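1. build me a structure from this.
(chains A and B)
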Amino acid sequence: MIRVPEPATGSAVAAVAHRGLRRRTRILDQLAHRAVAAAAAANVLVVVLVVVFLALRAAPGLKSIGLGTFFGSSNWDPDAGIGFGGVGAFGALAPILGSFAVVAFGLLLAVPFATAVAVVLTETNPRLGERFIRPAVEVFVGIPSVVYGYVGFIALLPLLRHLAPPGRDGSGVLAAAVVLAIMVIPTIASISADGLAAVPPALREGSLALGATRWQTIWRVLLPAARPAMVSGIVLGFARAMGEALAVALVIGDVNVIPNVRAHGLQALLEPFTTMTVTITDGVDKLAINPDGTAARYMLALVLLMLTFLSIVVVRLVSRRREARR
Amino acid sequence: MTRRLRTQDRIAIFTLRAMVALLLALLVWVVIFLAVQGWHELGRLGFYTSSPNISGPGSGVAPQLYNTLYVLVLSMLFTVPIGLAGGIYFAEYAGTGPLSNLLRRASETLATLPSIVVGLFGYALFVQATHSHPSRLAAALSLTVINLPYMVRVSEDALRALPDGLREGSLALGATRAQTIGRVLLPAAMPALITGVILTAGRVFGEAAAILFTGSNFSLTAHPNYSLNPLDSGDTLAVDLYVFRTQAEPSAVPDARQYADGVAALLVIVVLVFNVGARLLGRAAVRRGRHA
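-> Numbers count the residues shown, from 1 in each chain, chains lettered A, B, ... in the order given. Next comes the predicted model:
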């Protein structure tokens, strides 16, 4: 219904009421803005809290263990101090080397396959890719990592046992690398595929028009053009693999001894080993009763956190360069 | 020369396709393998009604299942409102200034944090600093830390996918930004948002490391706890897959392997149902929206 404006007092009341309504709407509008901004700011708060609490819990270890021992010694016996008055040893070289070994071999396996998926998805079979491969890959991202670890434990270890030195069960760097590779292939593949899809069509057409084969176009033009995206994908895959705990714990054997590469060569990949995440995990039931060991494990978590930050920075730098080039 | 190049091209493309086929075959094999291995256990009634037992046969997942659902619902109560609000901020309010960039970087950082780091953080903040013990609440809060950036992203994507005409039309009619979001954009984005919420919830099933540190009780006894108390502790399915394998006495539990196979198969089936269901639901909602 349309109100005919009333003269004199009535109109003044209406104007006041209208202004009141508008003020309420305006205040609500501002409140909504503040509320969603606060929710976004919660991200920063949580990151700060994570840094503060990890540092706080790791601080006693930093003081009593010292960085030299922590990074330089592979003598790790964190639980010796519980109950029997023994003295624990906190040299974390083995788990740190283990993490890097497992992740390096995992990426070595994952990157060729992830690149193949990205190329097939965007270049050689785009229709099949959109219909079938991409949904399939997305679904497999959802499979819990601990399940991949379990499959590795019941299916992969018996296979590797035949290759392993006598008396070993097949667990070690190779088994962990295979499990991690399966886990991170979808991550690397989807980011690389986005990068390939974003390459200007003129590059592809120009290369093909000059008489290059499809493979030459892919290898010499498209993959180099998509390199920043691929680097981002690999770095994020690195971060995921570095942080995976239980899947690795199921297949690596959890032995805090650096395999003797010089004596055993490639078979060292089939000797039980450990990683930072696995070393943290196996202390979970002693967190409250073993303060020294817990502090050492928080130091490992701090190392993982630093690597996470480093990954983010690298991804930012790479994508900034990509934007600058455009 | 050209012949050689053509052969090289064929071989290279064939190799790429073969690698992808091999990978997909491997992934499909994993699912089928788990289903076949767990088939027997999934068909046993006791698997769903009894409790895990590390000193005898006949374990079941009933308390784990209860706990998983409990922690899932509790964590989503935190994750959905905060994540949706964050997504609204990034899609509708955030600019390209340094403050918005800082918030974005923080969200990316959270998304990249290893689950086990969140677990240790959750233990320090929600368990130690509050002088309590591992609990469902601590586990749910830790899961919120893990899932928040994911929920933010799916909400942001859902809002960004809307045509600008909706936004502009509403603003041009005199609606405020908050009214535009609440009455126009959110209803229009609802199918995508529901899909996003289901996908986020599905991630809870697979999360193990963080819950191991913040909510697990390590007491796989025959005394299940079906209370509603958020301060009680309990293992979830994914945690159980790890804990049971490391704690069960092989001599006392002859069916440990079958039980673990059943848990793994159940996890995969639930996660696949969530994933595929969310996508089908999203697609169906979009189709219905188009017809309406």
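2. run a quick neighbour tally on the residue nearest to residue B:150 when sequence neighbours are not counted.
-> Closest residue in space to residue B:150, ignoring its immediate chain neighbours: residue B:200 at 5.5 Å, by CB to CB, 6 or more residues apart in numbering or on different chains. Every C-beta, even on glycine, is put in place using the N, C-alpha and C of the backbone. Neighbour count of residue B:200, defined by other CB atoms under 10 Å in any protein chain shown: 27.
3. against chain A, how distant is residue B:200?
-> Relative to chain A, residue B:200 is positioned 11 Å away (CB to the nearest CB, to the nearest Å).
4. that residue is in contact with residue B:147, isn't it?
-> Yes. Contact between residue B:200 and residue B:147 holds when scored by CB atoms under 8 Å: they sit 5.3 Å apart.
5. okay, and the common contacts of those two?
-> Counting by CB atoms under 8 Å, 6 or more residues apart in numbering or on different chains, the contacts common to residue B:200 and residue B:147 are B:79, B:83.
6. ok so, going back, what about the residue nearest to residue B:150, which helix or strand?
-> In this assignment (DSSP states H and E), residue B:200 forms part of helix B:186-206.
7. mean confidence for that helix?
-> For helix B:186-206, mean pLDDT rounds to 91.
8. and that helix, C-alpha only, in PDB?
-> Extracted in PDB, the C-alpha atoms of helix B:186-206 (Å, rounded to 0.1, in the frame of the first residue of the first chain):
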ATOM      1  CA  LEU B 186      23.400 -17.000   1.000                       C
ATOM      2  CA  PRO B 187      20.100 -18.500  -0.200                       C
ATOM      3  CA  ALA B 188      21.400 -18.500  -3.800                       C
ATOM      4  CA  ALA B 189      24.700 -20.100  -2.700                       C
ATOM      5  CA  MET B 190      22.900 -22.700  -0.500                       C
ATOM      6  CA  PRO B 191      23.400 -25.800  -2.700                       C
ATOM      7  CA  ALA B 192      27.200 -25.100  -2.900                       C
ATOM      8  CA  LEU B 193      27.400 -24.400   0.800                       C
ATOM      9  CA  ILE B 194      25.700 -27.600   1.700                       C
ATOM     10  CA  THR B 195      28.000 -29.500  -0.500                       C
ATOM     11  CA  GLY B 196      30.900 -27.700   1.200                       C
ATOM     12  CA  VAL B 197      29.700 -28.500   4.700                       C
ATOM     13  CA  ILE B 198      29.300 -32.200   3.800                       C
ATOM     14  CA  LEU B 199      32.800 -32.400   2.300                       C
ATOM     15  CA  THR B 200      34.200 -30.600   5.400                       C
ATOM     16  CA  ALA B 201      32.400 -33.000   7.700                       C
ATOM     17  CA  GLY B 202      33.700 -36.000   5.700                       C
ATOM     18  CA  ARG B 203      37.200 -34.900   6.400                       C
ATOM     19  CA  VAL B 204      36.600 -35.500  10.100                       C
ATOM     20  CA  PHE B 205      36.400 -39.200   9.500                       C
ATOM     21  CA  GLY B 206      39.900 -39.400   8.200                       C
END
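9. quick check: next helix or strand after it?
-> Next along from helix B:186-206, by DSSP H and E: helix B:209-214.
10. output the contacting helices and strands for that following helix.
-> Contacts defined by 3 or more CB pairs under 8 Å, 6 or more residues apart in numbering or on different chains; DSSP states H and E place helix B:209-214 against helix A:276-281, helix B:115-122, helix B:136-160, helix B:237-247.
11. show me which positions of the last one end up buried.
-> Spelled out, that is helix B:237-247. By 16 or more other CB atoms under 10 Å in any protein chain shown, the buried positions in helix B:237-247 come out as B:237-245, B:247.
12. filter those residues by proximity to chain A?
-> B:238, B:241-242, B:245 (CB under 8 Å from any CB of the partner chain).
13. now, which of those sits nearest residue A:82?
-> Checking those against residue A:82 by CB to CB gives residue B:242 as the nearest, at 22.4 Å.
14. OK, contacts around the residue nearest to the closest one when sequence neighbours are not counted?
-> Here the nearest residue to residue B:242 in space, its sequence neighbours aside, is residue A:246; by CB to CB, 6+ apart that works out to 4.7 Å. Applying CB under 8 Å, 6+ apart to residue A:246 gives the contacts A:145-146, A:149, A:281, B:208-209, B:212, B:238, B:242.
15. what do you get if the cut-off is 7 Å, keeping everything else the same?
-> Residues counted as contacts of residue A:246 (CB atoms under 7 Å, 6 or more residues apart in numbering or on different chains) are A:146, A:149, A:281, B:208-209, B:242.
16. okay if I get these as JSON lines plus distance to residue A:165?
-> Output for the contacts of residue A:246, formatted as JSON lines (distance: CB to CB, whole Å):
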{"residue": "A:146", "distance to residue A:165": "28"}
{"residue": "A:149", "distance to residue A:165": "23"}
{"residue": "A:281", "distance to residue A:165": "25"}
{"residue": "B:208", "distance to residue A:165": "31"}
{"residue": "B:209", "distance to residue A:165": "30"}
{"residue": "B:242", "distance to residue A:165": "27"}
